[in-house]
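[1] heads up, no residue letters with this:
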């Protein structure tokens, strides 16, 4: 089999990261009382992790690698 | 201020604006300056994923299930990361095979099966029609709510005004007109609709702007920012629950199954396939879409929970459906413009979905359901009709009107029923049934038609039984007994607790059972039978679509065809003019001057078939092409052979590459070996000339003195003895030289006898000093020794070591200045070896000579001008011996200050 490109491998890794971030048990870690700047912890976590994941995907895709 | 007239005019004006944008997009496309050929439009068109179910429904879900609704948008984000593998491949395969719908995709993958295409179409239609109805309901509900402005009132139960007098009906018909106008302008083999996509992208902008406007209004005008809303909501324990994963959709299991469901939906919903694959202009647009589309989803979801909480707190008495908060909150604050914007946003979300879904479904219904049936109906003699393109367009237009009417009727009948409210996820679950056959088909060559049909069919039946029928029962269209007691009163067959499975929500429950039978049957039945030739061909074309050396589809065809019959066939479906144009373009690309010069070979037939596939689907195209050309069917053996050949070509080219690399390396090696050989050859020549030279010197003097003795018999006795002495000495020298040459040759060839015995190196030194004492005495050189009191015994050839010692000592004696010479012999014990130094205070050796004195016949200094003091072989032999014994021989010297020759001999290994 031909090896997926560097970009492809990084995106696959990000998929795995996302599957980990948005699932039990990591979600449960944040499913409790507490707020960040007045925003509930879980709500804040989901959106921050989401934004970070999108940022990483953008970086991987737009970053000029030896592709 | 917002009268009914204004609202009606505004909504129709909005749809008219869509017409204008689409018309402009088509005009630009015809002019060759595409409006949509950029990644931003592509990403925006993907956002057709967000329907009114997102626009209004997310808030409703958040109001009952807290942040659980986010899973539906996080799933697509995760899938976007995999688009690089999955969607890219789908786009390539579809472009190469002119696939225009998801039904065609599945049918084509499994040997162009008409049955499979029909099955996918039926699943899609059954699953999606209620979803379209939901959009119409959203339009209808939002319409009646905003009509009550400035009051906040829920719409009454739909009255008896079916069709006529119902604004929703007119909207539906306008959408049908729009879809017909911009979706079926003509039969295009690529089925791309630029104007339509431009309009969809515009709608995506409108709904995002509208939703964020409402969100900002609620969060910052009605309340004092995020923190304020959340803080006030925390006071209410029930609202506080919404901020965690509690409530109806709360468990982690349903979160996970929603994520998975939406991952499949983003790829396999017919409208997503339409915009992501069929309407894709350039696969590179995928790059930006991979992060822009998730960003869109993030943006449209930020304000969902604040709006939901704000609405729940603002209407604490209930009575206002949470699904309408986006509209009712601005109305309650008398914000006419924001309410209007929200209404238009909802309208854009609904219309966008309806338009794209309808066009996708109509293509499927036409190509994979109606056409195969018509072509098979013998009475119609369809295959003999002259121009079928009008008929095809007619079928598509009919399908569009039919689908929208069905959606409208379903909406009208279902009304407020449960069957409509929950349809979003039910549709997703239906579409998820495509996942195994498509993903499996893209990456696994073993999947067969029969496996796909059984998996898909069984999964669909389970979906019907566990999700759709229960939703009917909950709507009161079926006896509730069905739900509570199972079919025929059998407890184990309770549709939402199948075989007693409890503890899962209905979506997870359906997902588990349907995927179990779907994947299970697909794999099992595929493995039971080997794929036939057609299946194998298509599997290779799909799975190897991104491989570097892929097989062209035309490789799998053999037979004879005539250009005229192909052209006639294409003309019947595409219209004679368009068919001719397409063929002329193709002929030019192949370098043929005229159409007549185009050879009717496999490539041409393949091209014709793919053109036809775009118009009527791959399965029907296959049947039609087969009807006008004479084909020789390929057996499975031949197909395998072609595939093997292709992979062998690839393997061969790799092998060739490797071989050429190896060859290059071998050439380099040979070149350096050759160089070394040339050097050795030179050395050998030098050696021979030196040897002969060295031999000639003593021979010459022996001969000269022998002649003197022969010619002068009168020589006196002392003279005679003197001469004879010279002759004897020279003969001895000659003998020694010959012995040494022989000795060296023996050593170099690795031969010679070596007698390994234990001995004390100090004895050898003493003995050799004794043997050379006369020489030192003659030259007036003094000798000192520094020997340790004890030394370990060596295991080596004693005589050879003695030979080395003698050579070094005699050299030292020879090169010392007479009368002042001092030689110092030292024995050291090192860790693993013994070292002997023979130091003299003689003339020393120039640094440049130090490297060469160990070569044969080489001596320090200029041998031409100075009389040589030895054969020039001693050091060469000594080095050979020492190295043979595992030691080293070297010299350190400063010219004019003596030289120290040192050698080491390894100690025997300690036991």
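    That came through, no problem. What you see is a predicted model, and the numbers here were worked out from it, not measured in a lab.

[2] what's around residue B:593, how many residues?
    9 (other Cβ atoms under 10 Å in any protein chain shown). Backbone N, C-alpha and C define where each C-beta goes, glycine included.

[3] now it, what's its secondary structure?
    At residue B:593 the chain is in coil, as set by DSSP: H, G, I helix; E, B strand; the rest coil.

[4] Can you pull the phi and psi angles for it?
    Per-residue torsions, residue B:593: phi -70, psi -50 (degrees, to the nearest 10).

[5] any idea how far residue B:611 is from it?
    Going from residue B:593 to residue B:611 by Cβ to Cβ, to the nearest Å gives 21 Å.

[6] Also residue B:257?
    Where residue B:611 is concerned, residue B:257 sits at a distance of 42 Å (Cβ to Cβ).

[7] again with residue B:439
    Between residue B:439 and residue B:611 the computed distance is 28 Å (Cβ to Cβ).

[8] For residue B:64, what are phi and psi?
    phi -110, psi -30.

[9] what distance separates the strand or helix carrying residue B:372 from the middle of the whole chain?
    In this structure, residue B:372 sits in helix B:371-376 according to DSSP states H and E. Its chain's average C-alpha position is 40 Å from that of helix B:371-376, according to Cα atoms, centre = their mean, to the nearest Å.

[10] What mean pLDDT does that helix get?
    For helix B:371-376, the mean per-residue pLDDT is 81.

[11] Need phi/psi at residue B:717.
    phi -60, psi -50.

[12] Please apply the same query to residue B:794.
    Taking degrees, to the nearest 10 as the convention, residue B:794 sits at phi -100, psi 160.

[13] Is it correct that it is in contact with residue B:909?
    No: with contact defined as Cβ atoms under 8 Å, residue B:794 does not reach residue B:909; the gap is 12.0 Å.

[14] And those two? Which one has more around it.
    Each of residue B:794 and residue B:909 has its neighbours counted (other Cβ under 10 Å); residue B:794 has more, 23 against 7.

[15] ok now do that one, which residues does it touch?
    By Cβ atoms under 8 Å, 6 or more residues apart in numbering or on different chains, the residues touching residue B:794 are B:758, B:759, B:760, B:761, B:801, B:834, B:905, B:907, B:908.

[16] Those in helices, which ones?
    B:761, B:801 (DSSP state H).

[17] Output the contacts of residue B:794 in TSV; the columns should cover pLDDT.
    TSV is the format used below for those (pLDDT from 0 to 100):
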residue	pLDDT
B:758	88
B:759	87
B:760	88
B:761	86
B:801	88
B:834	88
B:905	89
B:907	85
B:908	82
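
[18] so how far is chain A from residue B:882?
    Distance, residue B:882 to chain A, by Cβ to the nearest Cβ, to the nearest Å: 53 Å.

[19] Around that residue, how many other residues sit close by?
    21.

[20] Wasn't residue B:785 part of a helix?
    No: read with three-state DSSP, residue B:785 is strand and lies in no helix.

[21] Just the local confidence number for it, please.
    As predicted, residue B:785 sits at a pLDDT of 86.

[22] For it, list each beta-bridge partner.
    Beta-bridge partners for residue B:785, by DSSP bridges, are residue B:825.

[23] Any stretches of chain A with poor pLDDT?
    A:1-4, A:64-67 (pLDDT under 70).

[24] in it, which spans are helices?
    Secondary structure of chain A by DSSP H: the helices cover A:6-21, A:26-30, A:41-62.

[25] May I see those organised as JSON lines, with distance to chain B and mean neighbour count added?
    Listed next are the helices of chain A as JSON lines, based on distance: least, Cβ to the nearest Cβ, whole Å; neighbours: other Cβ atoms under 10 Å in any protein chain shown:
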{"stretch": "helix A:6-21", "distance to chain B": "4", "mean neighbour count": "17"}
{"stretch": "helix A:26-30", "distance to chain B": "7", "mean neighbour count": "15"}
{"stretch": "helix A:41-62", "distance to chain B": "4", "mean neighbour count": "18"}
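
[26] can you list those helices in TSV and add distance to residue B:276?
    Conversion of the helices of chain A to TSV gives the following (distance: least, Cβ to Cβ, whole Å):
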stretch	distance to residue B:276
helix A:6-21	16
helix A:26-30	29
helix A:41-62	16
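
[27] circling back to that earlier point, mind giving me the packing neighbours of the helix holding residue B:372?
    On a contact count with 3 or more Cβ pairs under 8 Å, 6 or more residues apart in numbering or on different chains; DSSP states H and E, helix B:371-376 meets helix B:114-147, helix B:618-628.

[28] Mean neighbour count, those helices: which tops it?
    Of these, the one with the most neighbours on average (mean count of other Cβ atoms under 10 Å in any protein chain shown) is helix B:114-147, at a mean of 24.

[29] What is the distance between the helix or strand that contains residue B:722 and the centre of its chain?
    Secondary structure from DSSP H and E places residue B:722 in helix B:717-748. Mean-position distance between helix B:717-748 and its chain equals 80 Å (Cα atoms, centre = their mean).

[30] got it, and stretch B:39-55?
    With Cα atoms, centre = their mean, you get 27 Å for stretch B:39-55.

[31] Give the rounded mean pLDDT of it.
    pLDDT averaged over stretch B:39-55 gives 89.

[32] Report the separation between the two terminal residues of that stretch.
    24 Å (Cα to Cα, to the nearest Å).

[33] Kindly report the same for stretch B:771-786.
    One end of stretch B:771-786 sits 18 Å from the other (Cα to Cα).

[34] what's whichever strand or helix holds residue B:26 packed up against?
    Taking DSSP H and E as the criterion, residue B:26 maps to helix B:4-30. On a contact count with 3+ Cβ pairs under 8 Å, 6+ apart, helix B:4-30 meets helix B:114-147, helix B:167-183, helix B:194-216, helix B:336-364.

[35] In TSV: those helices, plus mean pLDDT and distance to chain A.
    Output for these, formatted as TSV (pLDDT from 0 to 100; distance: least, Cβ to the nearest Cβ, whole Å):
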stretch	mean pLDDT	distance to chain A
helix B:114-147	87	25
helix B:167-183	79	31
helix B:194-216	91	13
helix B:336-364	89	21
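
[36] Only the buried residues of stretch B:731-741, if you could.
    B:733, B:734, B:737, B:740, B:741 (16 or more other Cβ atoms under 10 Å in any protein chain shown).

[37] which outside residues touch that stretch?
    B:691, B:694, B:695, B:698, B:699, B:702, B:871, B:873, B:874, B:877.

[38] In helices, which of these fall?
    Going by DSSP H, the helices hold B:691, B:694, B:695, B:698, B:699, B:702, B:874, B:877 from the contacts of stretch B:731-741.

[39] which of those lies closest to residue B:71?
    Minimum separation from residue B:71 among the ones in helices among the contacts of stretch B:731-741 (Cβ to Cβ) is found for residue B:877, which lies at 87.5 Å.

[40] Not counting residues beside it along the chain, what's closest to that closest one?
    Distances taken as Cβ to Cβ, 6 or more residues apart in numbering or on different chains put residue B:744 closest to residue B:877, at 5.4 Å, once the chain neighbours are dropped.

[41] Now do the same for that neighbour: its pLDDT.
    78.

[42] follow-up on the earlier one: quick check: buried residues in the helix holding residue B:26?
    Result for helix B:4-30 [16+ other Cβ under 10 Å]: buried residues B:7, B:11, B:14-15, B:17-19, B:21-22, B:25-26, B:28-29.
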